[in-house]
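Visitor: could you work out the structure for the sequence below:
(one chain, ligands or ions: 2)
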Amino acid sequence: MAVLVTGGAGYIGSHMVLALIDAGHEEVVVLDDLSTGFDWALPPEVTLVRGDVADQTLVAETIRRHRIDALAHFAAKIVVPDSVSDPLGYYLANTVKSRALIEAAIGAGVRHVIFSSTAAVYGEPAVVPVPEDLTPNPINPYGRSKLMTEWMLEDAARAHGISYVVLRYFNVAGADPRGRSGQSTPNATHLIKVATQAALGKRGQLEVFGTDYPTPDGSCLRDYIQVSDLAQAHLVALNHLRGGGTSLTLNCGYGRGYSVLEVIDVVKSVSGVDFPVKLSPRRPGDPSRIVAGADRIRAELGWVPQHDDLREIVTQALAWEEALGRRNRV
Ligand SMILES: NC(=O)c1ccc[n+]([C@@H]2O[C@H](COP(=O)([O-])OP(=O)(O)OC[C@H]3O[C@@H](n4cnc5c(N)ncnc54)[C@H](O)[C@@H]3O)[C@@H](O)[C@H]2O)c1
Ligand SMILES: O=c1ccn([C@@H]2O[C@H](COP(=O)(O)OP(=O)(O)O[C@H]3O[C@H](CO)[C@H](O)[C@H](O)[C@H]3O)[C@@H](O)[C@H]2O)c(=O)[nH]1
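Guide: Ligands and ions are numbered 1, 2, ... in the order given. Sure thing, here's the model as predicted:
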């Protein structure tokens, strides 16, 4: 049995690949077009198939050749404000291409799917922490494009007798504790990555997008989950599905929110650098606060996070950012 990881050369997918290899999984195949990922992010024992998830011939051939039973689908476009300016690009990348992938995968014999969804499906939730059974109400095209894929997967699984786990990630951050991977995306927009770049002088300043939100300090609240903890959630989901477990939709977060200003304080404290911070207007598409109801994944899958500590997450992100600089990468 082998696993196909789409987007495995990207930030989170590469940590899933490491988790699979660390756990002794015999064969890991990555399908990635390297649009935002890097072949050097993959360990040598992994097979990289370079191509598009919507290439149904390639997907079917890959699944049959490697006798793949499980698909972990990470490949996507992921930047919320870009989805506001280019909604059709996001619906193509995240919805239309996922439809083609799911169809080809089921046709070629895949039995289990793990899908990378997002807290963005909840939009601006009335309840915080947000439970999985709250009716989704995304407020940006990114969240909508992902929610439609959740629905397609649910319907296709029911019709074709496959099982799935939808994982709704909250804000993913940090890096492999052993320093083998991290977030390498050029022109990154994610808060912790951008703040570590400001601390290292790769950026002149950090902008805070919005200080007039209805939150304790006026900046947005997010639930930051460490990337290897998230990869472990995928491993336990895979074992659950292969063991005959039922389909599930689960939040992936720690259940605690930090404001943008609190995150900046931690980055300044960990790095020891008091980098310039500019207070700017709100960014389009941002919900004010989003924190995971985090009990269900523990109860259903027995997932136990190991890195639930913002200082540790920031320390890892900073170490990775320094390593990228030393290697002259990004
Ligand atoms: N980063 C976060 O905080 C976050 C939060 C919630 C959900 N997610 C989801 O996690 C997943 C992974 O995100 P990431 O942060 O690792 O992003 P990333 O950009 O680092 O990784 C995406 C990977 O997919 C590849 N890819 C993109 N389109 C492709 C296509 N059509 N065919 C083949 N490969 C393609 C890219 O080259 C890249 O390697 C995404 O589905 C994203 O929506 C991320
Ligand atoms: O330079 C920056 C970057 C971000 N922010 C703020 O920091 C918060 C977090 O922003 P990120 O860009 O780090 O992350 P998002 O919450 O926009 O989105 C991330 O988490 C979501 C789930 O909550 C999605 O899944 C999405 O893929 C992923 O990018 C937001 O309030 C944003 O406005 C700043 O103030 N300055």
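
Visitor: remind me which residues of the stretch 201-330 of the chain are low pLDDT?
Guide: 328-330 (pLDDT under 70).

Visitor: list, one by one, the residues from it near ligand 2.
Guide: Neighbours of ligand 2 within the stretch 201-330 of the chain, by CB under 6 Å from any ligand atom: 206-209, 220, 222, 260, 283, 286, 290. Every C-beta, even on glycine, is put in place using the N, C-alpha and C of the backbone.

Visitor: helix, strand, or coil at Gly325?
Guide: helix (DSSP: H, G, I helix; E, B strand; the rest coil).

Visitor: that one and Ala70, how far apart?
Guide: Gly325 is 36 Å from Ala70, where distance means CB to CB, to the nearest Å.

Visitor: which of those two has more neighbours?
Guide: Set side by side, Gly325 and Ala70 show more neighbours around Ala70, with 22 against 14, by other CB atoms under 10 Å.

Visitor: over to the more buried one: give its phi and psi.
Guide: phi -130, psi 140 (degrees, to the nearest 10).

Visitor: ok, it touching Asn239?
Guide: No. Counting by CB atoms under 8 Å, Ala70 does not reach Asn239; the two are 10.2 Å apart.

Visitor: output the contacting helices and strands for the helix or strand containing Arg158.
Guide: Take DSSP states H and E as the rule and Arg158 turns out to sit in helix 141-160. Using 3 or more CB pairs under 8 Å, 6 or more residues apart in numbering; DSSP states H and E as the contact definition, the elements that helix 141-160 packs against are helix 80-85, helix 87-91, helix 97-107, strand 112-118, strand 163-169.

Visitor: what is the rounded mean pLDDT of it?
Guide: What helix 141-160 shows for mean pLDDT is 98.

Visitor: kindly report the same for stretch 80-100.
Guide: 97.

Visitor: which residues sit against it?
Guide: Stretch 80-100 is contacted by residues 52-54, 56, 59, 73, 75-77, 115, 120, 140-146, 148-149, 152-153, 189, 283-286 when judged by CB atoms under 8 Å, 6 or more residues apart in numbering.

Visitor: so how far is stretch 58-65 off the chain centroid?
Guide: How far stretch 58-65 lies from its chain's middle: 24 Å, per CA atoms, centre = their mean, to the nearest Å.

Visitor: ok, and what's touching that stretch?
Guide: Here stretch 58-65 has contacts from 4, 29, 31, 49, 51-53, 68, 71, 100-101, 104-105, 107-110, using CB under 8 Å, 6+ apart.

Visitor: ok, 7 Å please
Guide: The contact list for stretch 58-65, computed with CB atoms under 7 Å, 6 or more residues apart in numbering, reads 4, 29, 31, 49, 51, 53, 101, 104-105, 107-110.

Visitor: with stretch 223-232 instead?
Guide: For stretch 223-232, contacts defined as CB under 7 Å, 6+ apart pick out 12, 15-16, 18-19, 169-177, 192, 252-258, 290-292, 303, 305-307, 310, 313.

Visitor: does that stretch reach ligand 1?
Guide: No. Using CB under 6 Å from any ligand atom, stretch 223-232 stays clear of ligand 1, with a minimum separation of 8.3 Å.

Visitor: that older thread, of the contacts of stretch 223-232, select the buried ones using a ChimeraX command.
Guide: The buried residues among the contacts of stretch 223-232 can be selected in ChimeraX (16 or more other CB atoms under 10 Å) with this line:
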select :12,15,16,18,19,169,170,171,172,173,174,175,176,192,252,253,254,255,257,258,290,291,292,303,305,307,310,313
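
Visitor: residues of the stretch 201-330 of the chain that sit close to ligand 1?
Guide: Counting by CB under 6 Å from any ligand atom, no residue of the stretch 201-330 of the chain is near ligand 1.

Visitor: which parts of the stretch 201-330 of the chain are helices?
Guide: In the stretch 201-330 of the chain, the segments counted as helices under DSSP state H, counting those that start in this stretch are 227-242, 260-271, 295-301, 310-326.

Visitor: so which of the ones you listed is the most packed in?
Guide: helix 227-242 (a mean of 22; mean count of other CB atoms under 10 Å).

Visitor: please state the offset of it from the chain centre?
Guide: 13 Å.
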